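Peer 1: For reference, the sequence and a predicted model appear below.
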Amino acid sequence: MAPPVALTAGAAPALVPSIPQAAWPAVAPAHGVGSRGDLPLPFAALVIAALAALVISFVAISTLWREPRLRASDGILLPAPVAAVLDSRWLRLAARLLAALLTVWTLVALVLGPDSARNPVPHVVYVWLWVGLAFASMLLGPVWRVINPLRALHAVLLRLARVSPDLAALPYRWGLWPAAVGLGAFTWVELVAEDNTSIGFLRVLVAAFIALSMLGAAVFGRAWFEQGDPFEAWSRLLGLLSPLGRRTDGRWVLRTPLHGVNGLRGRRGLVPTVAVMLGGTAYDGFSANLSWATFVQTSSVPSSLLRTATLLAFFALVAGTIWLASVVSVALAGEPLRRSFSFVSDIAPSLIPIAGGYVVAHYWSLWVYQGQYAWVLLTDPLGTGADVLGTADLTPDDTLIQPTLVATIQAVSIVVGHLLGVLAAHERAITVLERRAAVIGQVPLMVVMIFYTVGGLTILFAP
């Protein structure tokens, strides 16, 4: 069998082919091809500037932002023609048909295509579905809810059976917990699992996901997709950062990312879900560190076990730090300790801008380069040498992955994500706590934000 598809030069060992390192730039750049040497200012100066920005922002908003300011009625109205296009059922139908066509095309390659580096399925799953969906959601909103082919299949089956679209055998009460588990499992598959780009592995993975999704929909109805589906949760939470949104009267508006995040209320499973989103992306950057890779390869502990334990530790670190900060915040605010359980859920949405910043920082170069290369593979799904789409000779443009540009994008996205997290946490704190208590109680949260910032920048630009 040919070596696994080259997705990233900086990915986990399971995704890296056995090709000379010198050939990587021509095949697939790392998640972030930038380094400390490519930064527009020294690394130490960057860290100091980032921390200063966070602290100054915290002091400023504590002084000037005294009352809740974010309202669901805010936003700049979009022109009527643009709003009409966004609301058009024809636009949604076209998007669903394209998604269905790509799904069928990918399934054909999965079932009948070769188990080689020429098969497009790994690129569709790990680049377009995982990374591309994240970028599309942050730009346009929760797009997966509209184009999810399994949601569409469930609706078609119910229509053919002539039963209510709201049919459910049991009421759904699990919140986002199944989504958190599903996202964690997929993150493990992407970053830890051996042979995760082999077609045999992907056949089992896709079949299991389809079976579980349809079983969940059969038992819990559409509520399964709305809360339990991991990719809908991934798209919906990152989609809160989109500049597109609706006011309380349903009209389309342009808004800040803070408005979307502030509209999310605490729910069961939210904390573990955002912990998986943030922790998984942080681990992805950490696992590309040369020192870590060397340690894994030389350790007496099986590499898969060591990487799995470390990935789970990253999940637990995010969840643990935000929970601990909430406990200390509630104590400083003079609230009963039991209040921390609801407070951590109130504050959890403030981690979404940070997770979005990490996604941009870690996956920018992967998406803009390998997202193009996927077209080269999709034109020949059966590996017969065909050129169905006319893209066989496409050469990915590397203009947007120049080292200094990528390093700048990485640094800016991390810092901006944390600044938005500080603002979102402040808005929620002054909404649910008395103002003086809210300001004092935010100090532990600020410490956590600083910890995340330093950790994120160090992971990205470690030598």
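Peer 2: Arrived safely, thanks for sending.
Peer 1: G421 reaches V448, doesn't it?
Peer 2: No. Between G421 and V448 there is no contact under Cβ atoms under 8 Å: 9.3 Å. (Glycine included, C-beta is placed from N, CA and C.)
Peer 1: Compare those two and say which one has the larger neighbour count.
Peer 2: G421 (28 against 23; other Cβ atoms under 10 Å).
Peer 1: got a list of what that one touches?
Peer 2: S350, L351, I352, P353, I354, M449, Y452 (Cβ atoms under 8 Å, 6 or more residues apart in numbering).
Peer 1: Tell me the spacing between it and V376.
Peer 2: Relative to V376, G421 is positioned 38 Å away (Cβ to Cβ, to the nearest Å).
Peer 1: Kindly report the same for P336.
Peer 2: Shown here: P336 relative to V376, a distance of 60 Å by Cβ to Cβ.
Peer 1: If you count surrounding residues, which of the two has more?
Peer 2: Neighbour totals were compared for P336 and V376, and V376 leads with 19 against 8 (other Cβ under 10 Å).
Peer 1: The more buried one and G390 touch, don't they?
Peer 2: No. Counting by Cβ under 8 Å, V376 sits too far from G390 to count as a contact (10.9 Å).
Peer 1: okay, the contacts of G421 in CSV with pLDDT next?
Peer 2: Formatted as CSV, the contacts of G421 follow (pLDDT from 0 to 100):
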residue, pLDDT
S350, 90
L351, 91
I352, 94
P353, 94
I354, 92
M449, 83
Y452, 84
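Peer 1: mind listing what's buried in stretch 88-102?
Peer 2: Buried residues in stretch 88-102, defined by neighbour count with 16 or more other Cβ atoms under 10 Å: R96, A99, L102.
Peer 1: Of these, just say which sits nearest to L324.
Peer 2: Set against L324, the nearest of these by Cβ to Cβ is A99 (41.1 Å).
Peer 1: What is the helix or strand harbouring A211 packed up against?
Peer 2: Counting by DSSP states H and E, the element that carries A211 is helix 199-220. Applying 3 or more Cβ pairs under 8 Å, 6 or more residues apart in numbering; DSSP states H and E, one finds that helix 199-220 makes contact with helix 89-112, helix 121-123, helix 149-160.
Peer 1: ok, how many other residues are close to the closest residue to A168 other than its chain neighbours?
Peer 2: Residue nearest to A168 in three dimensions, not counting chain neighbours: G221, with 3.1 Å by Cβ to Cβ, 6 or more residues apart in numbering. G221 is flanked by 21 other residues according to other Cβ under 10 Å.
Peer 1: Isn't G221 up against V163?
Peer 2: No. The pair G221 and V163 does not pass the contact test of Cβ under 8 Å, sitting 10.4 Å apart.
Peer 1: Name the SS class of G385, please.
Peer 2: coil (DSSP: H, G, I helix; E, B strand; the rest coil).
Peer 1: To what extent is it buried, counted in neighbours?
Peer 2: Around G385 there are 8 residues (other Cβ under 10 Å).
Peer 1: Tell me how far the residue of the chain most remote from its centre lies from R96.
Peer 2: The C-alpha centroid of the chain is most remote from R162, which lies 36.6 Å away (Cα atoms, centre = their mean). When distance is defined by Cβ to Cβ, R162 is 21 Å away from R96.
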